[in-house]
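> what follows is a predicted structure for the sequence shown.
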Amino acid sequence: MKGQTEKLTDAQLSKKLGSCQKAESIGMLLGILCVVSGCILMFVKRDIILICVLVFVGVALFLLVAKPAQTKKKALLQQQLGGYFRAELTRMFGVEPAAPALPIDRAYLKAAKLSAVDFTECTVTDFHEGEHKGLRFSAANVELRRTVEEKSGPDNDNWMTRTETLFRGIVVRCKDICDPALDIALNDMFQERKKGDITDPAAFRKHFTAHTADGREADDQVTPQLRDLVQKLEASSASAELCGLVLRGGDLTLALNTRYVFADVPEELDLRDIDGIRKWYTASLTGMERLLTLLWESPALSGAGAEE
C-alpha cells in the first residue's frame, strides 16, 4: 500500500544497516584525518590554501557522507525495529503518559544544576517516562557541552573556540523515592580520581561538593549510607562516574557519566547483527531496572544515618 514502509527481512535490513554504518565510519575517519592534518599544518607549514582545502574536505566528508549515512541508519532502525522497541518499553515500564510529569529537557537540566560547571549546549535523546515496581521515573541519554575560548598558535597569539563535553551519560528522575526532609545536591568537582578513591569522608569531600537548595554547605547530610550509594552507582559499570545527585522534596535526580545507553544500542555495535540489536536494546532496559532497584533499596534515601 502506498505510504506504508516496506517490511524488510532481517537479512535485507542487515545489508542496508551494514552499508550505512560503513559509509558513516569511513566518512568520519577520513573527515577527522583531513581536519587534524590541517590543524597540524598550521604549526608546521603555514600554507593557508592547503590548510583550507584539507579542512574544507574534512567538513564536506562529515556533512555529505557521514551525517546522511547516520541519519539513514537511525531512520532504518526506527522504521524496521521501532515496533519491537516500543513493545519492550511498554512491557517493562508501562505505557508512557501523553504529557511527561517528569521531563528531562534543557530547562530542567539548567534548573537542576547537575553539573558543577554550567553548560551552554545540551542533547537529550531516548527520553521515556514509566514505572518500575510502583516507582515513577523518567530517564534519558544526555550530553552537556560548553563553548571554550582559548589561545592557540605557535606564539599563542590566536584565539580558538572549541566545544568541551562536560557530561555524557544518563539522567534519571524518580518521584517520591526519598525522605522529603532531605535537601542535598552532590556535584563532581571534575578532579582526576580512580575507582574507590571516595571511600572515606575526607576523600569524598575532595571530589564532591554538597550543598542545599539555597546554596548552604550540606556536608552533614553526607552519611556513610550516601557515600556507599555513590560507590555502588560507580561500580554498576566500568565506565560509570557520578556527575550529580540531587535529593530534594522526596524526589531524586541522578546524572551518571557512563557508556551505557538507555533504550538504545551502543554506537560501536555491529548493526549487521539484527538479533544482536534486539538483545542489546532489551539489555539496555534491564540495565535501567537494575539501576532503579539499586536506588530504591538504598538506605541513604531514608534520611537515616549520621556523618562520621
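Great, that's in hand.
> quick check: domain ranges of the chain?
1-93, 96-308 (automatic domain parsing).
> in what helix or strand does residue 253 lie?
Following DSSP states H and E, one finds residue 253 within strand 251-257.
> right, and the helix or strand after that strand?
helix 274-297.
> thinking again about what came up before, can you add mean pLDDT and mean neighbour count and give the domains of the chain back as JSON lines?
C-beta here means a position set from N, CA and C on the backbone, and glycine is covered the same way. Converted to JSON lines, the domains of the chain look like this (pLDDT from 0 to 100; neighbours: other C-beta atoms under 10 Å):
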{"stretch": "domain 1-93", "mean pLDDT": "90", "mean neighbour count": "15"}
{"stretch": "domain 96-308", "mean pLDDT": "90", "mean neighbour count": "16"}
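> circling back to that earlier point, what packs against the strand holding residue 253?
Judged by 3 or more C-beta pairs under 8 Å, 6 or more residues apart in numbering; DSSP states H and E, the packing partners of strand 251-257 are strand 158-174, strand 241-248.
> my guess is residue 205 contacts residue 217. True?
No - counting by C-beta atoms under 8 Å, residue 205 sits too far from residue 217 to count as a contact (10.0 Å).
> ok, the strand holding residue 253: who's next to it in the sheet?
strand 158-174 (antiparallel), strand 241-248 (antiparallel) (DSSP bridges).
> show me where the stretch 101-250 of the chain has its helices.
106-112, 201-207, 224-235 (DSSP state H, counting those that start in this stretch).
> roughly how far out does the helix or strand where residue 19 lies sit from the chain middle?
Assigning secondary structure by DSSP H and E places residue 19 in helix 10-44. Centroid displacement of helix 10-44 relative to its chain, using C-alpha atoms, centre = their mean, to the nearest Å, is 22 Å.
> after it, which helix or strand is next?
That would be, after helix 10-44 and using DSSP H and E, helix 48-61.
> residues in contact with that following helix?
With C-beta atoms under 8 Å, 6 or more residues apart in numbering as the test, helix 48-61 has contacts from 27, 28, 30, 31, 32, 33, 34, 35, 37, 38, 41, 42.
> the helix holding residue 19 packs against which elements?
helix 48-61, helix 67-93, helix 274-297.
> quick one, which of those gets closest to residue 165.
helix 67-93 (18.1 Å; C-beta to C-beta).
> elements contacting that closest one?
Where contact means 3+ C-beta pairs under 8 Å, 6+ apart, helix 67-93 is packed against helix 10-44, strand 121-132, helix 274-297.
> the longest one versus helix 274-297: what angle between them?
Right, the one you point to is helix 10-44. 80 degrees (axes from the mean of the first three to the mean of the last three C-alpha atoms, to 10 degrees).
> export the helices and strands packed on helix 10-44 to CSV and tack on distance to residue 142?
Output for those, formatted as CSV (distance: least, C-beta to C-beta, whole Å):
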stretch, distance to residue 142
helix 48-61, 26
helix 67-93, 18
helix 274-297, 14
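> without its sequence neighbours, what residue ends up closest to residue 109?
residue 122 (5.8 Å; C-beta to C-beta, 6 or more residues apart in numbering).
> now distance to residue 189 too, for the contacts of helix 48-61, in a markdown table please.
Below are the contacts of helix 48-61 laid out as a markdown table (distance: C-beta to C-beta, whole Å):
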| residue | distance to residue 189 |
| --- | --- |
| 27 | 38 |
| 28 | 33 |
| 30 | 38 |
| 31 | 35 |
| 32 | 31 |
| 33 | 35 |
| 34 | 37 |
| 35 | 32 |
| 37 | 36 |
| 38 | 35 |
| 41 | 37 |
| 42 | 34 |
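> nearest to residue 131, of those residues?
residue 28 (38.4 Å).
> my read: that closest one touches residue 62, true?
Yes - assessed by C-beta under 8 Å, residue 28 is found in contact with residue 62 at 6.7 Å.
> ok, which of the helices and strands packed on helix 10-44 comes nearest residue 14?
Checked against C-beta to C-beta, the stretch from the helices and strands packed on helix 10-44 lying closest is helix 274-297, at 5.4 Å.
> packing partners of the closest one?
Counting by 3+ C-beta pairs under 8 Å, 6+ apart, helix 274-297 packs on helix 10-44, helix 67-93, strand 121-132, strand 135-152, strand 158-174, helix 224-235.
> what about 7 Å?
Other elements packing on helix 274-297 under the criterion 3 or more C-beta pairs under 7 Å, 6 or more residues apart in numbering; DSSP states H and E are helix 10-44, helix 67-93, strand 135-152.
> can you put those in CSV and add distance to residue 117?
CSV is the format used below for the helices and strands packed on helix 274-297 (distance: least, C-beta to C-beta, whole Å):
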stretch, distance to residue 117
helix 10-44, 25
helix 67-93, 28
strand 135-152, 7
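> compare those and give me the one nearest residue 114.
Among those, strand 135-152 sits nearest to residue 114 (C-beta to C-beta), with 8.0 Å.
> nearest spatial neighbour of residue 277, chain-adjacent residues omitted?
Here the residue nearest residue 277, using C-beta to C-beta, 6+ apart, is residue 265, at 5.5 Å.
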